[in-house]
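Q: Here is the input, now give the coordinates:
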Amino acid sequence: MTIGTTGRPKGVTLSHSALVVQSLAKIAIVGYGEDDVYLHTAPLCHIGGISSALALLMAGGCHILLPKFEAKLAVESIDQHSVTSLITVPAMMTDLISFYRTKHISVGSKSVKKVLNGAGGLSSGLIKNAIEIFPRAKLLSAYGMTEACSSLTFMTLYDPARESCIQHSYANSSNLAHKPDGICVGKPAPHIEIRIAGDDLSCIGRILTRGPHLMLGYWGQMPSNNSSPTDECWLDTGDIGHIDDCGNIWLVGRLKGRIKSGGENVYPEEVEAVLLQHPGISASVVIGLPDSRLTEMVVACIRLKDNWQWTDSSSNHPVNKNEHCLSSSVLQNFCRAKDLTAFKIPKKFVVWKNQFPMTTTGKLRRDQVRAELMSYRQLSPSRL
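A: As a prediction, this is how the structure comes out:
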């Protein structure tokens, strides 16, 4: 089943051959082998969990099953069974790092050699902390979807054999002047074709893919003929991006999440990437709200780190001299300093008290954030 972050979940029908080629890709790129001890951190009912499990099964590795993911249980299993490989999503990685920090453990298990992250990119802070707790692990990220039988692209974030950490995957105009901002998600696996569908005036467009990895169809909507998924059939991922001169795929945002503000296209992920570079912000969600003048207004929901406080002029929160201060104007100036185009800079900021709503696989429920904000009239300053 798809997660349903942009609509109702759909059943996805996958062929055995699609699962086989996905497993072979993971074996080749991640490096799974018969000596691996794999910890099942993801449920088998999700595509990331089942595809990685099958890859380890084909490689002849050992499987360690968990009843459910909990950082404490995962760490205990890693130590008890000398786990060598696991997969994570950003929320899982955050929980693992927090557990190690809570126990005042600066370096985690040295048995872990391979960590594959999916369902969202890791921030530079998470990458740094992940390297610290798994110092001997090759850290990779994958971009994909259920309809494509899991991973489309792979990228190495850290390889201890090379003792180097790649530059943070959020690009900006200073290090990629001729390309738009976005998130680098690496190169396609060998069996996967990817192209960009768009007009001739822009290198940005819809990310399409084809190959033996594609689904046969949605459950209940199966095609009537016996055509193969490889027969000139391109799947629209629903994502917007571009391909650089080295063949790397750059993810700009989701087509369905696009904000139309003042006639311009704004992709939330790009704005969120800039906001997350501020030392006072731990999480950010950008959405568009109806506006009579702009059609949609860019609104940023933010969670503040400890020892930071919100100090907009209309806020009644007393200023603590031991805390750092943030306000709408400070963040807007920060966005300008990061060369974020003017129409992409949020017009309003909302301080979010609780965790943002997530799916069971750690994907953001942007629709729920937007629905909650729609129920509030006063947006500046707001505390939800």
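Q: how about the helices in the stretch 1-150 of the chain?
A: In the stretch 1-150 of the chain, the helices defined using DSSP state H, counting those that start in this stretch lie at 16-30, 47-59, 71-81, 90-102, 124-133.
Q: The stretch 151-300 of the chain now?
A: In the stretch 151-300 of the chain, the segments counted as helices under DSSP H, counting those that start in this stretch are 268-275.
Q: Low-confidence regions, it specifically.
A: Applying pLDDT under 70 to the stretch 151-300 of the chain flags residues 163-181, 199-202, 222-232.
Q: before we move on, back to that, can you redo the helices of the stretch 1-150 of the chain as CSV, where the extra columns are mean neighbour count?
A: Quick note: C-beta positions are derived from backbone N, CA and C, even for glycine. Formatted as CSV, the helices of the stretch 1-150 of the chain follow (neighbours: other C-beta atoms under 10 Å):
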stretch, mean neighbour count
helix 16-30, 19
helix 47-59, 22
helix 71-81, 16
helix 90-102, 19
helix 124-133, 18
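Q: And residue 46, what's its pLDDT?
A: In this model, residue 46 is scored at 86, pLDDT.
Q: For it, grab the count of nearby residues.
A: If you count neighbours by other C-beta atoms under 10 Å, residue 46 ends up with 20.
Q: Now it: phi and psi?
A: Main-chain dihedrals, residue 46, degrees, to the nearest 10: phi -110, psi 150.
Q: tell me the SS of residue 346?
A: coil (DSSP: H, G, I helix; E, B strand; the rest coil).
Q: got a list of what it touches?
A: Counting by C-beta atoms under 8 Å, 6 or more residues apart in numbering, residue 346 touches 271, 275, 286, 298, 299, 300, 331, 332, 335.
Q: Out of these, name the ones that lie in strands.
A: The members of those that map onto strands under DSSP state E are 286, 298, 299, 300.
Q: And for the first one, nearest residue in space, chain neighbours not counted?
A: Once its chain neighbours are removed from consideration, residue 286 has its nearest residue in residue 268; the separation is 3.9 Å (C-beta to C-beta, 6 or more residues apart in numbering).
Q: my read: the one you found touches residue 259, true?
A: Yes. Assessed by C-beta atoms under 8 Å, residue 268 is found in contact with residue 259 at 6.6 Å.
Q: residues bridging contact with these two, i.e. touching both?
A: In contact with both residue 268 and residue 259: 286, 287, 288, using C-beta under 8 Å, 6+ apart.
Q: Now list the buried members of these.
A: Buried residues within the shared contacts of residue 268 and residue 259, defined by neighbour count using 16 or more other C-beta atoms under 10 Å: 286, 287, 288.
Q: burial of residue 256, as a residue count?
A: 12.
Q: was I right about it contacting residue 238?
A: Yes. The criterion here is C-beta under 8 Å, and residue 256 meets it with residue 238 at 6.3 Å.
Q: Quick check: the closest residue to residue 293 other than its chain neighbours vs residue 193, distance?
A: In space, and not counting its chain neighbours, residue 293 is closest to residue 262: 7.8 Å by C-beta to C-beta, 6+ apart. Using C-beta to C-beta, to the nearest Å, residue 262 is found at 36 Å from residue 193.
Q: same check, this time on residue 99
A: Look at residue 99 and residue 193: by C-beta to C-beta, they are 40 Å apart.
Q: looking at the helices of the stretch 1-150 of the chain, which is closest to residue 349?
A: Across the helices of the stretch 1-150 of the chain, residue 349 has its closest neighbour in helix 124-133 (20.9 Å, C-beta to C-beta).
Q: For the closest one, name the packing helices and strands.
A: Counting contacts by 3 or more C-beta pairs under 8 Å, 6 or more residues apart in numbering; DSSP states H and E, helix 124-133 packs against helix 90-102, strand 138-145, strand 150-159, strand 164-165.
Q: how about the strands of the stretch 101-250 of the chain, start to end?
A: Using DSSP state E, counting those that start in this stretch, the strands assigned to the stretch 101-250 of the chain run over residues 114-117, 138-145, 150-159, 164-165, 170-171, 182-188, 193-197, 205-210, 217-218, 235-243, 249-254.
Q: Need the contact partners of the second one.
A: In this structure, residues lying in contact with strand 138-145 by C-beta under 8 Å, 6+ apart are 2, 29-31, 47, 113-118, 121-122, 127, 130-131, 150-161, 169, 185-186, 237-238, 249, 251.
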